[in-house]
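**Student:** Just a sequence and a predicted model for now, questions to come.
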Amino acid sequence: MSTPAPRLGMTDEAGQRVLRTVRDDVRAIAAYEVHAQAGAIKLDAMESPYGLPEAVRDQVAAAVRAVEFNRYPDSAPAALVAQVREAFGVPSEADLLFGNGSDELIGMLVQATCTPGDVVLTPWPSFVYFDLAARFHHARFVPVPLTEDLQLDLAATIAAIEAHRPKLVFLAMPNNPTGGLWPREAVRAILQAAPGLVVVDEAYQAFTDETWMPRAAQEPNLAVLRTLSKIGLAGLRFGYLAAHPAWIRELNKVRPPYNIDSATLAALSVVLANKPALDEQAARVRAARPALAVALRALPGTTVFDSAGNFLLVRFARGGDAVFQALKARNILVRNFSGAHPLLANCLRISIGSPDENAALLAALNAILTD
Ligand code: PMP
């Protein structure tokens, strides 16, 4: 990539055609941001701080070496489906759908259920891709504001479900970026009220005991979405959806052919055979959470929200933008939500890192906030 891309001025021919051709709403949004900063302590994307153990890497290399790359993949081979069921406690009555990351499954859910103008509803703020996926597929996105203390507003959610009759309700549990878990009775009430499908997105399930997975095929309108991204495999791009077979049968029709590639399939099989190593890493991250929360709360002018995920949302009286920039200047990347939503004013989301990374974060914040 040595040649710089030519600048695309809106006066040249390509620019004019872009203007005439690309959807207004697509041109109006910013692309999903991925931050790169050489040598930075990366606490901005809820990645695991831990890499795969050496022995597992060797097995992955051997498995990928044996892949027949001249052939299209079988993107849901029976042996791997069985391995995923076993590794993640998917009930036998539920069927599974695999996605190239859970992002892809979120898009497929909207595609399969919504015709233009149909509603996708979610408590908000939550994962931004619920909004983007709805818009890309011409659905109407209805965000229901959380309470001031960033909890689910059940009465408002039920009222909005009754008013808008959503095809899809997304419940991220734990919720990104706030870290909260919605009470089981609240989810039950939402399942009862929702006329369409309720997707419980358990991207951060590895860091809590709470799960709806055992109910995945028991409820007529529940689907449970998971990803491997937060347990050390963000680079692998693999998510799965569990639901009653009647849902999976239809959703599978909008899955792009061969959506999971052969290298991922080969690596996944090895990694799942070594799942205890991933569990142990996730447990280490989870175990670090209470002490990090206590230490962050002890800093001047911070409000730390309770989190069941591998991250903490922190409000800074000093100003979220200022603290974000000061951390960045010290080569520590976190996610700035200050301007994202009024409920998140001055809030930064901070992934839980390794002990050294957490210590560096605390030292930096200490210096910034007491300066
Ligand atoms: N769901 C939630 C709630 C998330 O926060 C994320 C990642 N930020 C995802 C889904 C997507 O994860 P992936 O595409 O990496 O599987």
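**Tutor:** Right, received. Where do you want to start?
**Student:** which SS state does R226 fall under?
**Tutor:** strand (DSSP: H, G, I helix; E, B strand; the rest coil).
**Student:** List the residues that contact it.
**Tutor:** 88, 102, 202-203, 205, 213, 239-242 (CB atoms under 8 Å, 6 or more residues apart in numbering). In this view, the C-beta of every residue, glycine as well, is placed from N, C-alpha and C.
**Student:** Please give the centre-to-centre distance between stretch 319-326 and its chain.
**Tutor:** 24 Å (CA atoms, centre = their mean, to the nearest Å).
**Student:** buried residues in it?
**Tutor:** 320, 323-324, 326 (16 or more other CB atoms under 10 Å).
**Student:** likewise stretch 73-88?
**Tutor:** 73, 75-76, 80-81, 83-85, 87-88.
**Student:** In terms of secondary structure, what does whatever helix or strand A160 lives in contact?
**Tutor:** Under the criterion of DSSP states H and E, A160 resides in helix 154-164. If you count contacts as 3 or more CB pairs under 8 Å, 6 or more residues apart in numbering; DSSP states H and E, helix 154-164 packs onto strand 119-124, strand 140-145, helix 184-193.
**Student:** Among the buried residues of stretch 319-326, which one sits closest to the ligand?
**Tutor:** F324 (18.2 Å; CB to the nearest ligand atom).
**Student:** Now the closest residue to the closest one other than its chain neighbours: phi and psi?
**Tutor:** The shortest distance from F324 to any non-neighbouring residue, by CB to CB, 6 or more residues apart in numbering, is to N336 (4.1 Å). The phi/psi pair for N336 (degrees, to the nearest 10) reads phi -90, psi 110.
**Student:** tell me the pLDDT at N336?
**Tutor:** We have a pLDDT of 97 for N336.
**Student:** P355 contacts A288, correct?
**Tutor:** Yes. If you go by CB atoms under 8 Å, P355 and A288 touch, sitting 6.8 Å apart.
**Student:** For the two, indicate the residue with more neighbours.
**Tutor:** Higher neighbour count among P355 and A288: A288, with 18 against 12, using other CB atoms under 10 Å.
**Student:** which residues sit in contact with the residue of the stretch 251-371 of the chain found nearest the ligand?
**Tutor:** The ligand sits closest to G309 of the stretch 251-371 of the chain, with a gap of 8.4 Å, by CB to the nearest ligand atom. By CB under 8 Å, 6+ apart, G309 lies in contact with 46, 174, 176, 179, 204, 207-208, 230.
**Student:** Report the secondary structure state of it.
**Tutor:** Going by three-state DSSP: G309 is coil.
**Student:** Which residue, other than its chain neighbours, is closest to it?
**Tutor:** Sequence neighbours aside, Y204 is the residue nearest to G309 in space, at 3.7 Å (criterion: CB to CB, 6+ apart).
**Student:** residues near the one you found, how many?
**Tutor:** 28.
**Student:** State the distance from it to the ligand.
**Tutor:** Counting by CB to the nearest ligand atom, to the nearest Å, the gap between Y204 and the ligand amounts to 7 Å.
**Student:** ok, now E219?
**Tutor:** 20 Å.
**Student:** how about that residue, what does it touch?
**Tutor:** Per CB under 8 Å, 6+ apart, neighbours of E219: 191, 198.
**Student:** I'd like the distance between it and P183.
**Tutor:** As defined by CB to CB, to the nearest Å, E219 lies at a distance of 16 Å from P183.
**Student:** right, and I260 touches F98 too?
**Tutor:** Yes. I260 sits in contact with F98 when judged by CB under 8 Å, with a separation of 5.3 Å.
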